[in-house]
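> Kindly return the folded structure for what I paste below:
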Amino acid sequence: MKISNAAIKKLVKSEADVRISDSAARAIAALLEKKAKTIAKYAVSSAKKKGRKAVVEDDIDSYRLKYGG
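Sure thing, here's the model as predicted:
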């Protein structure tokens, strides 16, 4: 999965009227992608433990409650 620089720049712009460099946007995207992979692995494991083949919102909420966020 790849989070685009444009999406990061739009997010930053919506929070504050500032510009963000390409390298800073790439750094944020890399952190978000790493976190998303961690959450996805947890959610898949949670779904499998519950006998499901699909990840549901409850799996994500379970991660949030356990690890914060």
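
> residues in contact with the nearest residue to residue 56 once chain neighbours are set aside?
Leaving aside its chain neighbours, residue 56 sits nearest to residue 47 (7.0 Å; criterion: Cβ to Cβ, 6 or more residues apart in numbering). Bear in mind the C-beta positions are built from the backbone N, C-alpha and C, glycine included. Contacts for residue 47 (Cβ atoms under 8 Å, 6 or more residues apart in numbering) come out as 53, 54, 55, 56, 59.

> try residue 14
No residues are in contact with residue 14 under the rule Cβ under 8 Å, 6+ apart.

> Any chance of TSV for the contacts of residue 47, columns pLDDT?
Written out in TSV, the entries for those read as follows (pLDDT from 0 to 100):
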residue	pLDDT
53	97
54	98
55	98
56	98
59	97
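
> Which of the three states applies to the residue lying farthest from the centre of the chain?
If you look at how far each residue of the chain sits from its centre, by Cα atoms, centre = their mean, the farthest one is residue 51, at 24.3 Å. Recorded secondary structure, residue 51: coil (DSSP: H, G, I helix; E, B strand; the rest coil).

> pLDDT at it, what is it?
Residue 51 carries a pLDDT score of 97 in this model.

> Having no further points to raise, I will conclude here.
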